[in-house]
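Q: Whatever this is, show me its structure:
(chains A, B, C and D)
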Protein chains: 2
Amino acid sequence: MANKKKTTIKDIANVLNISAAAVSKALHNNPRISDKTKKAVLQVAQNLNYQPNHLASALRSGKSKLVGVIVPKTNSNFFSATIHNIEEVLNEKGYNIIITQSNESYKKECANIDALLFTQVDGIIASMANETIDLSHFQKIKDAGIPLITFDRGENDLNVDYIGIDDYESSHKIVNHLVAQDCKRIAHIGGFKRTRIYNNRIKGYIDALKKHNLPLDNELLIESSLTIEDGREKMQQLLNLTKKPDAVYVAGDYAALGALQVLKEQNIKIPEEIALVGFGDEPFSKMVTPPITSVNQHSYKIGRMAANTFLKYAEKDTFKQSLHKQILESALIIRESSNKKPH
Amino acid sequence: MANKKKTTIKDIANVLNISAAAVSKALHNNPRISDKTKKAVLQVAQNLNYQPNHLASALRSGKSKLVGVIVPKTNSNFFSATIHNIEEVLNEKGYNIIITQSNESYKKECANIDALLFTQVDGIIASMANETIDLSHFQKIKDAGIPLITFDRGENDLNVDYIGIDDYESSHKIVNHLVAQDCKRIAHIGGFKRTRIYNNRIKGYIDALKKHNLPLDNELLIESSLTIEDGREKMQQLLNLTKKPDAVYVAGDYAALGALQVLKEQNIKIPEEIALVGFGDEPFSKMVTPPITSVNQHSYKIGRMAANTFLKYAEKDTFKQSLHKQILESALIIRESSNKKPH
DNA sequence: TACATTTGTTTAAACGTTTAAGCAAAGATA
DNA sequence: TATCTTTGCTTAAACGTTTAAACAAATGTA
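A: The predicted model follows:
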């Protein structure tokens, strides 16, 4: 049955013949309330199954104790794990999080921000959609006077905190590894250039090739949406070249899986004929045949750092954000797909 | 810069020299307000960048326009897609959703419920954690007088709405298919028996075997957590049997992937020596080698139905829930891993 | 004893909105 | 003309909390 009347602070006050204010203070363990009263209040609260009305306290205090999280997709291991860690840190401090997904859509991202601001969140932790170029919707968050923390996919122009790995350096690690495997024609199926992290990976790839005096061939550098399907398509495109690559570095594990699939269908030996490297270290990467070399992005640390960065601002009653990057070193996990000489 | 003062309904009223009540009504397009006033209010609201304070209106109206969603994990395609569809339906009706994940933990699920009730959500759409046996925390939701809609993982004892596929029947479809492939010793790596859906799959498996007069061998029926790792382990356990199975039906695609891995490592021909079937139709299932036969759970429809069921209650000011199941027929997607005779 | 301080509470206003009730002015009815 | 209805607004209370200010009683101080 629905619509029971909820117990309020006043009900408790009536039972004990004290004021609502006293009850509120007792519940907040105010030192000016006697232990006797506190005990009585707690007891009655329990008996009446009192549940504080968050809306009322949030309205009065101006703090909702809610933090919004915006991610492109929840069904990636990286984002799922990051969210989990954000939650763990924030729950401990009495915050709850509202997760929203943009599905890589700019429009959805705008809607998400509106919804979160509408809910009066105390801050937002976000990773941007692929589609996003214009940043004015993020400006709304800053205008609302609440902290905005970005991670993985951020933009310098926002002038806020950012937590992520060094994508440029990660590309170097990958190319270095492939060169050490005697690869000479290394292709890159990258993400969209307009997304900063993918652009950095591309830059890192290009610069690393230069460093090793490898020719930079335009047909070896392809932009992709990084879905499984697109990974297949772009791999096929590479195989259609007259001068095929001997290594392919894919900027995402899902697309790498698609690429792997195509290679196997065509009986191309991995890593002997073509070595394959992914990015993101999804759980399936170590489970497919052959296991795919990938880059671990420390979702654990990133989530915790993002949450702690928010908390830093939340404690202050006034603050000013500026571009402040916290960059973690990524870890290249070498597996069979690129390892020609196992120990 | 932080902490700008926000524009309220009163600020608008002051500018126009009318009452706050008139502004509120104008914003809600109340027929008793003149068009002239409405236009003026809208104009001023825009100029002052007025954003309604959701907390205040929610407090006053008793409706937060927020719906809580609880899932075991967001990084599964099924749940991610379901959430997306729930969101789509609810957003259209002015609701926002708060996603929380239990990570299959009973404790976390309790915490999630507390957090959602604390946030004064207008209803909760939930799929239960594997660990959950005791249901008293869900009782809290009913006690709060808000609708509870369960999907995929529910329990009859809760006496609320449930939306899901027919797990029992799905097992029949799988066994029927495997029998048609001439399989005689069909194993089942199932989920935890205490979880209703997995129990139903197990029951369906057993009854289907009986129907086909196949022997029910206890060592062929294994309980698993259905992670990739556990899938590996349980597959190995089956391979260690003196009388190996000639088909394995795994109750989840992640575990099926682990099983596939082990089979391939040991050069067992799929599907000739052992046929493999998964459950859930994760995106990777059609991409691995060989592609895994699986069951599609209609996440699209389930999400929309769950959302619409909630809306049905939300519109009423009083309601009574009871066990009401909406069961969808699942779809068996036959792929190479179990298809001995392609067309 | 007289005054100051501490303790434990109450009163009342506030947070920003919604809404029932009231009311004056304008328009309709007869 | 007198009365009824409609229109367009205002007033004031309410939602459930928090909190500054006030205050009485108890305790401490000299």
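Q: average pLDDT for stretch A:225-235?
A: Average pLDDT, stretch A:225-235: 94.
Q: can you pull the buried residues of it?
A: A:S225, A:L226, A:T227, A:I228, A:D230, A:G231, A:R232, A:E233, A:K234, A:M235 (16 or more other Cβ atoms under 10 Å in any protein chain shown). All C-beta spots, glycine's among them, are computed from the backbone N, C-alpha and C.
Q: Quick check: of these, which lies closest to B:D157?
A: Set against B:D157, the nearest of the buried residues of stretch A:225-235 by Cβ to Cβ is A:I228 (39.6 Å).
Q: before we move on, back to that, would a markdown table of the buried residues of stretch A:225-235 with distance to A:L216 and secondary structure be doable?
A: Formatted as a markdown table, those follow (distance: Cβ to Cβ, whole Å; DSSP: H, G, I helix; E, B strand; the rest coil):
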| residue | distance to A:L216 | secondary structure |
| --- | --- | --- |
| A:S225 | 23 | coil |
| A:L226 | 21 | coil |
| A:T227 | 26 | coil |
| A:I228 | 27 | helix |
| A:D230 | 22 | helix |
| A:G231 | 22 | helix |
| A:R232 | 25 | helix |
| A:E233 | 22 | helix |
| A:K234 | 18 | helix |
| A:M235 | 20 | helix |
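Q: Nearest residue to A:E282 in space, ignoring adjacent ones along the chain?
A: A:D253 (4.1 Å; Cβ to Cβ, 6 or more residues apart in numbering or on different chains).
Q: Mind giving me the packing neighbours of the helix or strand harbouring A:S24?
A: Per DSSP states H and E: A:S24 is located in helix A:20-27. Applying 3 or more Cβ pairs under 8 Å, 6 or more residues apart in numbering or on different chains; DSSP states H and E, one finds that helix A:20-27 contacts helix A:9-16, helix A:35-47.
Q: Name the stretch among the ones you listed that sits most buried.
A: Mean neighbours per residue, mean count of other Cβ atoms under 10 Å in any protein chain shown, is largest over these for helix A:9-16, with a mean of 18.
Q: Now do that one against helix A:20-27: the angle between them, please.
A: Going by axes from the mean of the first three to the mean of the last three Cα atoms, to 10 degrees, helix A:9-16 is angled at 100 degrees with respect to helix A:20-27.
Q: what helices or strands is helix A:9-16 leaning on?
A: helix A:20-27, helix A:35-47.
Q: Tabulate those (JSON lines), appending mean pLDDT and distance to B:V179.
A: Shown next, in JSON lines, are the helices and strands packed on helix A:9-16 (pLDDT from 0 to 100; distance: least, Cβ to Cβ, whole Å):
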{"stretch": "helix A:20-27", "mean pLDDT": "96", "distance to B:V179": "63"}
{"stretch": "helix A:35-47", "mean pLDDT": "96", "distance to B:V179": "58"}
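Q: Can you convert those into JSON lines and add a column each for distance to B:R196?
A: JSON lines is the format used below for the helices and strands packed on helix A:9-16 (distance: least, Cβ to Cβ, whole Å):
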{"stretch": "helix A:20-27", "distance to B:R196": "39"}
{"stretch": "helix A:35-47", "distance to B:R196": "32"}
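Q: Just send those back as CSV, with distance to DNA strand C too.
A: As requested, those are exported to CSV (distance: least, Cβ to the nearest atom of the strand, whole Å):
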stretch, distance to DNA strand C
helix A:20-27, 3
helix A:35-47, 4
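Q: Among those helices, which comes closest to A:N176?
A: That would be, of those and by Cβ to Cβ, helix A:20-27, which comes in at 59.2 Å.
Q: in that closest one, what's buried?
A: Neighbour-count burial for helix A:20-27, counted by 16+ other Cβ under 10 Å, picks out A:A22, A:V23, A:S24, A:K25, A:A26, A:L27.
Q: burial of A:M305, as a residue count?
A: By other Cβ atoms under 10 Å in any protein chain shown, 22 other residues sit near A:M305.
Q: Give me the contacts around the host helix or strand of it.
A: Using DSSP H and E, A:M305 maps to helix A:299-315. Applying Cβ atoms under 8 Å, 6 or more residues apart in numbering or on different chains, the contact partners of helix A:299-315 are A:67, A:77-79, A:81-90, A:93, A:95, A:122-123, A:125, A:147, A:149, A:151-152, A:161, A:163-165, A:319, A:321, A:326, A:328, B:2.
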